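In: Give me the fold of what follows.
(4 chains)
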There are 4 protein chains.
Amino acid sequence: MGTMSTHTFEPTHYHHTLGNHPPVLRIAPGDTVITTCVDAGGLDRYLQQVTPRGNPMTGPFFVEGAQVGDTLAVRLEKLRPNRTSGWSGVVLASNVVDPDDVPILAQARGSQRWLDWEVDLRANTARLRSPAGPLEGFELSLEPMLGCFGVAPGRGEAISTATSGPHGGNMDYRGFKEGVTVYFPVLVEGALFFLGDGHALQGDGEIAGTGIEISMDVQFSVDLIKGQAIRWPRGENAAYIFTVGNARPLDQCVQHATSEMLRWLTSQYRLDTQSASQLLGQCVRYDLGNIFDPAYTMICKMPKKVLERLSSSQ
Amino acid sequence: MGTMSTHTFEPTHYHHTLGNHPPVLRIAPGDTVITTCVDAGGLDRYLQQVTPRGNPMTGPFFVEGAQVGDTLAVRLEKLRPNRTSGWSGVVLASNVVDPDDVPILAQARGSQRWLDWEVDLRANTARLRSPAGPLEGFELSLEPMLGCFGVAPGRGEAISTATSGPHGGNMDYRGFKEGVTVYFPVLVEGALFFLGDGHALQGDGEIAGTGIEISMDVQFSVDLIKGQAIRWPRGENAAYIFTVGNARPLDQCVQHATSEMLRWLTSQYRLDTQSASQLLGQCVRYDLGNIFDPAYTMICKMPKKVLERLSSSQ
Amino acid sequence: MGTMSTHTFEPTHYHHTLGNHPPVLRIAPGDTVITTCVDAGGLDRYLQQVTPRGNPMTGPFFVEGAQVGDTLAVRLEKLRPNRTSGWSGVVLASNVVDPDDVPILAQARGSQRWLDWEVDLRANTARLRSPAGPLEGFELSLEPMLGCFGVAPGRGEAISTATSGPHGGNMDYRGFKEGVTVYFPVLVEGALFFLGDGHALQGDGEIAGTGIEISMDVQFSVDLIKGQAIRWPRGENAAYIFTVGNARPLDQCVQHATSEMLRWLTSQYRLDTQSASQLLGQCVRYDLGNIFDPAYTMICKMPKKVLERLSSSQ
Amino acid sequence: MGTMSTHTFEPTHYHHTLGNHPPVLRIAPGDTVITTCVDAGGLDRYLQQVTPRGNPMTGPFFVEGAQVGDTLAVRLEKLRPNRTSGWSGVVLASNVVDPDDVPILAQARGSQRWLDWEVDLRANTARLRSPAGPLEGFELSLEPMLGCFGVAPGRGEAISTATSGPHGGNMDYRGFKEGVTVYFPVLVEGALFFLGDGHALQGDGEIAGTGIEISMDVQFSVDLIKGQAIRWPRGENAAYIFTVGNARPLDQCVQHATSEMLRWLTSQYRLDTQSASQLLGQCVRYDLGNIFDPAYTMICKMPKKVLERLSSSQ
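Out: Here you go, the predicted model:
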């Protein structure tokens, strides 16, 4: 694929939809991009509001040669919070507790909109500012991730960065961290890759409606799998291959992700449906991405260790 | 609570509902029971059909002093498959893939009802019998667990062992393995504890409709927490405390489990709702129990490490 | 089936589960029963609390000759409130509004548990007592119905009258009124028919958590369809045949009810699957039973007018 | 609002998203538009494929003076199929039956994609072409409706005509027929109204995946309610006011629609939350729009008769 380049790109504007927008940069398969993302509220590293809130996206990046029906591979090489302050929702989201318990949350929220976290990039920790209570002095270790990223959807759609779909988007899965490779279906020419919504830390489900929201320095590289069409995002890390289902209710996320995994196993691992069913039935793992956004997210994972033994047994 | 006894109990009949049935044994808090369970199909260690299929239960065990409003603690001390043969569903369940993909499964199932696994108790492995294909010679490590266990529901109900609820039941969560302690609400006098449905191994979700189904030797001990009423099963292992939500869709499982965890954190860990929300929001983990039975199951987990630091910071 | 008898039965005790309880009366196919039901709170016609709250059931009635695999037909001949006072939930249930709107309801509920309605049996109206506000003097016409009725479930289950299933139960469908015939699967010998939970009036969904709850005089007759096994309750009135799905979420209610209707049309109306699909696709109607109880209810209806023309065209 | 005009507009291109596209015509509140829609497959009155399939939209129409925060009222004055041929899906959609029944549908579908209907515009009937079976000679009465219509969503989104949301879109509700007035939130300047996807007839739920799909002559008029922001589509016909919830699962459609109705009753009918709850609880009706598209649709209805008596009692 020729010489691989490293591009440094500083965004000057942001998008609040993933759509067929003019590319900010054209890159080639194999290239690396060093860039930055503002936080979900549109605040940059200097806590300046440089764009309206709502998961503003850096990009899109046009990938040369990417055509509808291909797969775009994105490797998240570095995800580094670039300021010392993050913020989070005050209480749990009202859709993650029993409906009769919602008033408890409303009362605890009071009139506050956000809580502030002090982020120590050297110590790799976050600490609630002046909590005056049981969390006083309490620290959590950072685990930086991207909440929202993906490609332009097809058919002329421009989809809000509040939600997600086959094109990716606001999946808020804590597994989207350094070292992961994510695969997206190419739905428009050039794929048009967007990214943003950094979290310094987030539990499963993004159940307080946010992680610890923060701006980030990001380094990623791209590659293309020509002629391989996928229906839902896929990914892999050191331990697992995984598929992503974005929908509501969670039951449907599981259906999308499991069907996608079944296609993966039967098309690329030479497994028939029955053998794939046995491996999935006894070895599959599911993770909860978000249960807060308009579309929820679940991940279907297969241990590489299992699949590798499979290959060696063939 | 006096002298702790160890009881050995060999069942002579089984139940297909969790209900207010005559106890087979009266035990005291602190006592240990050594017993056996047939598999989900009613087959014992000799592969004899000793009771009809459908998660036959050993028990119930009457716990002296257990009254409505208490909590029963059950520690699973030993879960040991006691024969060398297990069985599993042939293909994925039709509700875990996209509806349009169901015919693929139906075709792959053919006329088979079950697949057989050879279980090697010394090597701790399971191997599909004569698979003649990509899984030939392929082995998986055992991870024995109980699929269905719990207490008698209240209000005169007798609930099928096919499903689950606040009383426990058929939760099919692979975390219910040796070393875990599970808490159930006491809903009738004596609690009436039942157990069965051993799995030699099972992935998340029980998505092939079964794990590797097998009979088991079981050793468990019980204890009582007087005057503590809980609404959903809870548990703990070395790394986590957790709560269990049984319902449909999965969204509602998450709501039940999260509300129960919120109650736990605010009542026993001296956290206000806002502080509990922050810990949950950034540190919570969810596991998928089953997505096959009439009621699905999700587990809400909090790392003990986080909670311990909390205590020491107070 | 021999001489048809009319039985008058005054209950002396009630059940809070549908299960294999001792019958209060043995009746024959073709027989008619005149009896009474207390309200959902256990209050009889004199507003006396004669049994604990929670949809207490009159019955069960053992139907001679009913065997597992048959269908029980129950015709609701008379449903007549028998006192001049009913009660209803104060505000909408918290699960029928957007989660963020629940606190609005909680605030409006205040500390009240119920509202009282004055029922005028001659004028056939209900009026809120002393509402002092926009509903002062406002009247609604009665449309009496049974909220909870059905047969004993099989497999030894005893299922709370709070919920529903293939055996019927707490379906809270306003179509269960005078003149309707309801079909239940016979799941135990004698079918064991139960009834109760009268509503003087109720909108779709029982979204305030109750209708106008009231005790009733009831007259019903039973019949048997030998050798016809059904999986979900069915029914018919002057205009429609219908099927009932009880589950969560509503999507699954629709699936159960539609599958049952498809079976009905293809087994008894001589339609192939494709023709049945065309009729359903262009003519089907769905009603919402309840969206409040642990299991929700939806009804799938086909106009008899359409099906009659079908017969004449054959 | 000045002189009301009638515009005749013949489309020359179509849209497959509802978005901020260049208007084809600028109209004023009070104006009437006479235009045409192709069918869902892009076929016009001459059965010519004039645009790709997938609910192609006529429009958008820019309404002078419409600003974000207003409500657009659209009255459907005439909906007239304009050709003698329609088409429909062959069998029920796989998501509306029990998952285990999907293979029955797949087998009955065979290799057919669509069935053809002969539409008699004078007799107002549709008849399956050469069905050779139980539907031979069978006719259904037309009940023309619009499957997909609405306004441009805000925030730069362009949403596929396959789905729906607060902006309307592919709701497939058979109540959207001649004489209905539908209210949409104005989310971009000029509102930008789109319409298409005519059905000669459709049952509840669009459960065969289509109605009888047909091109149409349409006449509609528009009006504005300045300064009234609504969150979900609303509507009214002779008998009901209603609100529309578009989401998944159906439970969430009910929540959206009921919350919107509660806002309507408490803001415009001078009802407090408790009084509105009583009226809804005893009088509400729900209709099923579609249970086929990516977002499902449910309608919450209140009888005007009830609300009128309310006014007169004040």
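In: From now on I want contacts and neighbour counts done on CA atoms only, so please keep to that.
Out: Noted.
In: Enumerate every residue touching A:S130.
Out: A:E136 (C-alpha atoms under 8 Å, 6 or more residues apart in numbering or on different chains).
In: While we're on it, how confident is the model there?
Out: Reading off the confidence values, A:S130 has pLDDT 77.
In: hey, where'd the helices end up in chain A?
Out: Ranges of helices within chain A are A:102-109, A:250-268, A:273-283, A:304-312, based on DSSP state H.
In: Provide the contact partners of the last one at residue level.
Out: Residues from elsewhere that reach helix A:304-312, judged by C-alpha under 8 Å, 6+ apart: A:A238, A:A239, A:Y240, A:I241, A:Y269, A:C283, B:P134, B:L135, B:F138.
In: Now do the contacts for the third one.
Out: Right, A:Y240. Neighbouring residues of A:Y240 by C-alpha under 8 Å, 6+ apart: A:K301, A:M302, A:P303, A:K304.
In: what bridges to A:G89?
Out: When assigned by DSSP bridges, A:G89 has beta-bridge partners A:W114.
In: ok, back up a step: who wins for most neighbours among the contacts of A:Y240?
Out: Among the contacts of A:Y240, A:K301 has the most neighbours (other C-alpha atoms under 10 Å in any protein chain shown), with 25 neighbours.
In: what about the helices of chain A, which gets the closest to C:Q107?
Out: helix A:102-109 (8.9 Å; C-alpha to C-alpha).
In: tell me how far the closest one is from the chain's mean position?
Out: 29 Å (C-alpha atoms, centre = their mean, to the nearest Å).
In: Counting by contacts, list what that helix packs against.
Out: Using 3 or more C-alpha pairs under 8 Å, 6 or more residues apart in numbering or on different chains; DSSP states H and E, the elements in contact with helix A:102-109 are helix B:273-283, helix C:102-109.
In: coming back round to it: columns distance to A:R122 and pLDDT on top of the contacts of helix A:304-312, output as a markdown table?
Out: A markdown table is the format used below for the contacts of helix A:304-312 (distance: C-alpha to C-alpha, whole Å; pLDDT from 0 to 100):
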| residue | distance to A:R122 | pLDDT |
| --- | --- | --- |
| A:A238 | 25 | 98 |
| A:A239 | 27 | 98 |
| A:Y240 | 29 | 98 |
| A:I241 | 31 | 98 |
| A:Y269 | 42 | 91 |
| A:C283 | 38 | 98 |
| B:P134 | 48 | 87 |
| B:L135 | 48 | 90 |
| B:F138 | 46 | 88 |
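In: List the ones among the residues you listed that fall in strands.
Out: Assignment to strands by DSSP state E places the following of the contacts of helix A:304-312 there: A:Y240, A:I241.
In: so which of the contacts of helix A:304-312 comes closest to C:D217?
Out: Of all the contacts of helix A:304-312, C:D217 sits closest to A:C283, with 57.6 Å by C-alpha to C-alpha.
In: List the contacts of A:G227.
Out: Residues counted as contacts of A:G227 (C-alpha under 8 Å, 6+ apart) are A:G69, A:D70, A:T71.
In: Residue of chain A nearest chain C, please.
Out: The minimum distance from chain A to chain C, using C-alpha to the nearest C-alpha, falls at A:P103 (5.0 Å).
In: Looks like that residue contacts C:A106 (just checking).
Out: Yes. Using C-alpha atoms under 8 Å, A:P103 makes contact with C:A106 at a distance of 7.1 Å.
In: Would you pull up the residue in the stretch 51-200 of chain A closest to chain B?
Out: Closest point on the stretch 51-200 of chain A to chain B, by C-alpha to the nearest C-alpha, is A:V97, at 4.1 Å.
In: Just give the nearest non-adjacent residue to that residue, would you?
Out: B:Q255 (4.1 Å; C-alpha to C-alpha, 6 or more residues apart in numbering or on different chains).
In: A:P103 too?
Out: Leaving out its chain neighbours, the residue that sits closest to A:P103 by C-alpha to C-alpha, 6+ apart is C:P103, at 5.0 Å.
In: circling back to that earlier point, make JSON lines out of the contacts of A:G227 and add neighbour count and distance to chain D.
Out: Formatted as JSON lines, the contacts of A:G227 follow (neighbours: other C-alpha atoms under 10 Å in any protein chain shown; distance: C-alpha to the nearest C-alpha, whole Å):
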{"residue": "A:G69", "neighbour count": "18", "distance to chain D": "19"}
{"residue": "A:D70", "neighbour count": "22", "distance to chain D": "22"}
{"residue": "A:T71", "neighbour count": "26", "distance to chain D": "22"}
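In: can you redo those as JSON lines with distance to C:K226?
Out: Converted to JSON lines, the contacts of A:G227 look like this (distance: C-alpha to C-alpha, whole Å):
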{"residue": "A:G69", "distance to C:K226": "57"}
{"residue": "A:D70", "distance to C:K226": "59"}
{"residue": "A:T71", "distance to C:K226": "59"}
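In: Now flag whichever of these is closest to D:L288.
Out: Nearest to D:L288 out of these is A:G69 (C-alpha to C-alpha; 35.9 Å).
In: do you know how far that closest one is from A:V222?
Out: 16 Å (C-alpha to C-alpha, to the nearest Å).
In: And A:L265, by the same measure?
Out: Note on A:L265: its distance to A:V222, by C-alpha to C-alpha, is 23 Å.
In: just A:Y296 next, same as before
Out: 26 Å.
In: same check, this time on A:L288
Out: From A:L288 across to A:V222, the span is 26 Å (C-alpha to C-alpha).
In: per-residue confidence at the residue of the stretch 201-314 of chain A found nearest chain D?
Out: Distance from chain D to each residue of the stretch 201-314 of chain A (C-alpha to the nearest C-alpha) is smallest for A:R248, at 5.7 Å. Turning to A:R248, the model gives it a pLDDT of 97.
In: And for it, the neighbour number?
Out: Applying other C-alpha under 10 Å, we find 24 residues neighbouring A:R248.
In: Now do the contacts for the residue nearest to A:P103.
Out: Applying C-alpha under 8 Å, 6+ apart, we find C:P103 in contact with A:V102, A:P103, A:A106.
In: Make CSV out of those and add pLDDT.
Out: What follows is the contacts of C:P103, written out as CSV (pLDDT from 0 to 100):
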residue, pLDDT
A:V102, 98
A:P103, 97
A:A106, 95
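In: Looking at the residues you listed, which one is closest to C:C148?
Out: Top of the list for closeness to C:C148, among the contacts of C:P103 and by C-alpha to C-alpha, is A:V102 at 29.0 Å.
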